[in-house]
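# sequence plus predicted model, see below.
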Amino acid sequence: MLNDWWIIVLAAGWDYLIADPWHWPHPVEGMGWVIGRSQALILKLQRGWPRKLGGVVLGVGLIGGSGAVGGAIAQSTTAIHPLLGIAIQVLLVASCLAGRGLRFAALDVLEPLAVGDLDQAREQLSHYVGRDTDKLEAEGIHRALLETLAENTTDGVTAPLFYSLLGVWLGVGPLPLALAYKAASTLDSMIGYRREPFQDLGWFSAQLEDVLTWLPCRLTVLSVAIASRRPRQVLAICQRDAPQDPSPNSGWSECAYAATLGVQLGGMNTYHGELRPKPFLGNPHRPITLGVIEEALGLMRSLLLSWLLIGGLITGLIHLI
């Protein structure tokens with residue numbers, strides 16, 4: 001069991017230092033291929049329950065299948081040689097984490113913004129957010145970037161880490177549940193929309209991802225609040241503002257970051273030319289600047305380290321029991 005925890009530690013270190021080398025195969029590519037092929041078949045069905053049932057089969061099949069494949073890979077490679085099993089699991093668990101990717105996404109946007117190249121910063125930002133970026137000024141770019149970092153701290157760092165640790169505690173190893181959660185997240189990002197043609201197809205995947213993310217998100221909010229050294233104040237702001245967000249999870253993680261950093265997120269965004277308001281999260285004690293983004297990145301790193309440490313302590317206690 002302790003060896004499995006070290007696999008997670010090594011995977012987190014690999015993600016932080018190297019992440020996914022270019023041209024290496026990635027599990028999400030395979031998941032995306034399955035979703036794309038299945039989507040094309042399901043969308044040929046009649047709207048309503050036939051598509052909904054197809055979405056359920058796709059969601060359960062991909063999530064369960066990803067977990068099963070992860071378990072089979074871990075067992076088979078370990079049977080060949082224990083070191084091979086460890087190496088493969090480290091690489092695959094690391095592929096479920098997105099800490100380095102989020103850090104580099106921030107740099108992609110901040111570097112041109114720092115030299116006043118708004119057009120390039122807008123272009124880079126458009127690769128990471130769904131809103132229209134072509135008319136954003138520096139303040140709007142900073143806000144969009146911070147909202148993305150705050151939301152994806154849960155989706156891309158703490159939630160997959162939670163499920164990897166949970167797999168260790170349940171005795172199935174660090175890989176199966178991490179891959180299963182990654183499949184749920186990929187399904188949600190590709191088909192979990194409330195607009196056609198995804199409304200019937202993606203309803204199950206979207207709701208399941210919300211359920212799977214609920215507990216890791218609340219633990220993330222609690223961790224951020226503790227890291228702020230003002231936990232009562234941060235949690236009070238989250239209880240006041242986060243329920244106003246239509247998402248059961250992203251509003252909470254964004255609000256925790258906003259309250260900790262003393263900024264306000266939310267407001268008016270534009271999607272495909274259509275204005276859409278989002279509830280305000282946090283209090284505008286200071287503007288969102290480059291320094292605030294750097295603090296957010298530091299907070300994400302501290303969360304990862306603290307979760308690894310706490311996960312190691314829990315793993316040790318379970319091992320002793």
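Arrived safely.
# low-confidence ranges, this protein, go.
2, 20-22 (pLDDT under 70).
# helix/strand/coil for the residue nearest in space to the middle of it?
Central residue of the chain (Cα atoms, centre = their mean): residue 155, 1.7 Å from the mean position. Under DSSP: H, G, I helix; E, B strand; the rest coil, the three-state class of residue 155 is helix.
# tell me the spacing between it and residue 163.
In this view, residue 155 and residue 163 are 12 Å apart by Cβ to Cβ, to the nearest Å. Quick note: C-beta positions are derived from backbone N, CA and C, even for glycine.
# so residue 275 lies in a helix, does it not?
No - applying three-state DSSP, one finds residue 275 to be strand, outside a helix.
# is it true that it touches residue 268?
Yes - here residue 275 reaches residue 268: they are 5.9 Å apart, a contact under Cβ atoms under 8 Å.
# quick one on the thing from earlier: which ones are touching the residue nearest to the centre of the chain?
98, 185, 213 (Cβ atoms under 8 Å, 6 or more residues apart in numbering).
# and what of residue 161?
Residue 161 is in contact with 8, 12, 97, 304, 307, 308, 311, counting by Cβ under 8 Å, 6+ apart.
# can you report how many residues neighbour the last one?
By the measure other Cβ atoms under 10 Å, the count of residues near residue 311 is 20.
# ok, it - contacts?
Contact analysis of residue 311 by Cβ under 8 Å, 6+ apart lists 5, 8, 161, 165, 168.
# spatially nearest residue to the fourth one (excluding sequence neighbours)?
With Cβ to Cβ, 6 or more residues apart in numbering as the measure, residue 311 is the residue that lies nearest to residue 165, at 4.3 Å, once sequence neighbours are left out.
# chain center to the helix or strand harbouring the one you found: distance?
Secondary structure assignment for residue 311, by DSSP states H and E: helix 290-320. Relative to its parent chain, helix 290-320 has a centroid offset of 15 Å by Cα atoms, centre = their mean, to the nearest Å.
# ok, and the closest non-adjacent residue to residue 58?
Using Cβ to Cβ, 6+ apart and skipping the chain neighbours, the partner closest in space to residue 58 is residue 38 (4.8 Å).
# likewise for residue 137?
In space, residue 137 is closest to residue 118, 7.3 Å off (Cβ to Cβ, 6+ apart).
# next, count neighbours for the one you found.
Residues near residue 118, counting by other Cβ under 10 Å: 14.
# that one and residue 307, how far apart?
36 Å.
# residues of the helix or strand harbouring residue 36 that come out buried?
In the assignment (DSSP H and E), residue 36 maps to helix 27-42. Using 16 or more other Cβ atoms under 10 Å as the test for burial, helix 27-42 gives 27, 28, 31, 34, 35, 38, 39, 42.
# show me what it is packed against.
helix 49-80, helix 82-95, helix 175-191 (3 or more Cβ pairs under 8 Å, 6 or more residues apart in numbering; DSSP states H and E).
# what would these look like in a markdown table with mean neighbour count and distance to residue 247?
Listed next are those as a markdown table, based on neighbours: other Cβ atoms under 10 Å; distance: least, Cβ to Cβ, whole Å:
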| stretch | mean neighbour count | distance to residue 247 |
| --- | --- | --- |
| helix 49-80 | 17 | 18 |
| helix 82-95 | 19 | 25 |
| helix 175-191 | 26 | 11 |
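# can you add distance to residue 289 and give these back as TSV?
Shown next, in TSV, are these (distance: least, Cβ to Cβ, whole Å):
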stretch	distance to residue 289
helix 49-80	40
helix 82-95	31
helix 175-191	29
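# out of those helices, which is closest to residue 200?
Closest approach to residue 200 among the helices and strands packed on helix 27-42 (Cβ to Cβ): helix 49-80, 3.7 Å.
# how far is the closest one from where the chain is centred?
The answer for helix 49-80 is 19 Å, by Cα atoms, centre = their mean.
# re the thing from before, what would the buried residues of helix 27-42 look like in CSV with distance to residue 284?
Putting the buried residues of helix 27-42 into CSV (distance: Cβ to Cβ, whole Å) gives the following:
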residue, distance to residue 284
27, 40
28, 36
31, 39
34, 44
35, 39
38, 44
39, 41
42, 44
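# out of these, which comes closest to residue 105?
Closest approach to residue 105 among those (Cβ to Cβ): residue 28, at 15.5 Å.
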